[in-house]
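Q: Coordinates for the following, if possible.
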Amino acid sequence: MRILDQVKELVSGTAVFGQPYEKNGLTVIPASRMWGGGGGGQASANEEGAGVGGGMMARPAGAFVVQGESVRWLPAVDATRVILMSQLLAIVAVLSWRSVAKARARAKASAG
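A: Residues are numbered from 1 along each chain as shown. So this is what the prediction gives:
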């Protein structure tokens, strides 16, 4: 039961939402996105069997900003993801442009 208690502690609300902090009349409550998986096991009468496994990951999701009666959500920006997606988009654009240019060249050659 000890392992289940530790897992329950990890996936509780306090793991998703960080400690709020206040400065200059603003209260900021950080939040993260968490996901994970787990396994199980079984032991036989002679103490042989399989074990347990699991894992968790967390990424910053953003923060709630409270000012007076107003609450707003500020999402976290993952710069690495933005850069990778921009590079992927550029590669797709270059390959698409190249295909169109080849098709136009073939059409021009067969028409002329």
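
Q: Now do the helices in this structure.
A: 2-10, 13-16, 79-111 (DSSP state H).

Q: nearest to V65, of the ones you listed?
A: helix 13-16 (16.9 Å; Cβ to Cβ). Using the backbone N, CA and C atoms, a C-beta is placed for each residue, glycine as well.

Q: shouldn't Q42 be in contact with G49?
A: Yes. Assessed by Cβ atoms under 8 Å, Q42 is found in contact with G49 at 5.0 Å.

Q: The protein - how does it break down into domains?
A: 1-76, 78-112 (automatic domain parsing).

Q: How far off centre is the first one?
A: Distance, stretch centre to chain centre, for domain 1-76: 13 Å (Cα atoms, centre = their mean, to the nearest Å).

Q: Give me the nearest residue to the residue most central in space within the chain, chain neighbours excluded.
A: Against the mean C-alpha coordinate of the chain, by Cα atoms, centre = their mean, the closest residue is R59 at 5.6 Å. The shortest distance from R59 to any residue other than its chain neighbours is 5.1 Å, reached at R33 (Cβ to Cβ, 6 or more residues apart in numbering).

Q: any idea how far the one you found is from T80?
A: 15 Å (Cβ to Cβ, to the nearest Å).
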